[in-house]
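Undergrad: model the following, please.
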Amino acid sequence: MLDHLSLYVRDLSRSLNFYDASLGALGIQRSFATAEIAAYGGMFFWLYGGNSDPNPPPQRQHYAFSAKDRAAVDAFHAAALAAGGTDNGAPGVRAKYAPNYYAAYVIDPDGYKLEAVCYA
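TA: Reported below is the predicted structural model:
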């Protein structure tokens, strides 16, 4: 259904550090980069540097990444926090969504809300 998603970030270098670590924990690698842009997961998830908008992203934006298992969700959360992210929900079962919905939530350095989820 979707071809790609793009986020506009203030400091591409800082964001590359964050996303290399957090998405790397899910097995999602950076696939393309220049001085101004980068892509992950083939060409699905893009970062554009140099965003000068001082406002945080709208609070209703939320991006969820698939994890192969619960250990990957845990690793995503730990890597994201170690790379400058903010905790927005520790790893755990979210039974209100589904009986096996295991997820963790973080906020990236620019204020984007991210999730890693598996159904194992």
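Undergrad: pLDDT value on the residue of the chain most remote from its centre, please?
TA: Distance to the chain centre peaks in the chain at Pro99, reaching 23.2 Å (criterion: Cα atoms, centre = their mean). On pLDDT, Pro99 comes in at 95.
Undergrad: can you name the residues that contact it?
TA: Val93 (Cβ atoms under 8 Å, 6 or more residues apart in numbering). Bear in mind the C-beta positions are built from the backbone N, C-alpha and C, glycine included.
Undergrad: helix or strand: which one has it?
TA: In this assignment (DSSP states H and E), Pro99 forms part of neither any helix nor any strand.
Undergrad: quick one, helices of the protein?
TA: Ranges of helices within the chain are 12-24, 70-82, based on DSSP state H.
Undergrad: buried residues in the first one, which are they?
TA: For helix 12-24, a neighbour-count test (16 or more other Cβ atoms under 10 Å) marks 12, 14-16, 18-24 as buried.
Undergrad: same thing with the last one?
TA: Applying a neighbour-count criterion of 16+ other Cβ under 10 Å, one finds 70, 72-81 buried in helix 70-82.
Undergrad: run the angle between the longest strand anywhere in the chain and helix 70-82 for me.
TA: Assignment by DSSP state E gives strand 86-93 as the longest strand of the chain. Computed by axes from the mean of the first three to the mean of the last three Cα atoms, to 10 degrees, the angle separating strand 86-93 from helix 70-82 equals 170 degrees.
Undergrad: with just CA atoms, put strand 86-93 into PDB.
TA: What follows is strand 86-93, C-alpha atoms only, in PDB (Å, rounded to 0.1, in the frame of the first residue of the first chain):
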ATOM      1  CA  THR A  86      13.300   9.100  25.000                       C
ATOM      2  CA  ASP A  87      11.300   6.300  26.600                       C
ATOM      3  CA  ASN A  88       7.600   6.500  25.600                       C
ATOM      4  CA  GLY A  89       6.600   3.000  26.800                       C
ATOM      5  CA  ALA A  90       8.800   0.100  28.000                       C
ATOM      6  CA  PRO A  91       8.700  -3.200  26.200                       C
ATOM      7  CA  GLY A  92       5.600  -5.300  27.100                       C
ATOM      8  CA  VAL A  93       2.400  -6.900  26.000                       C
END
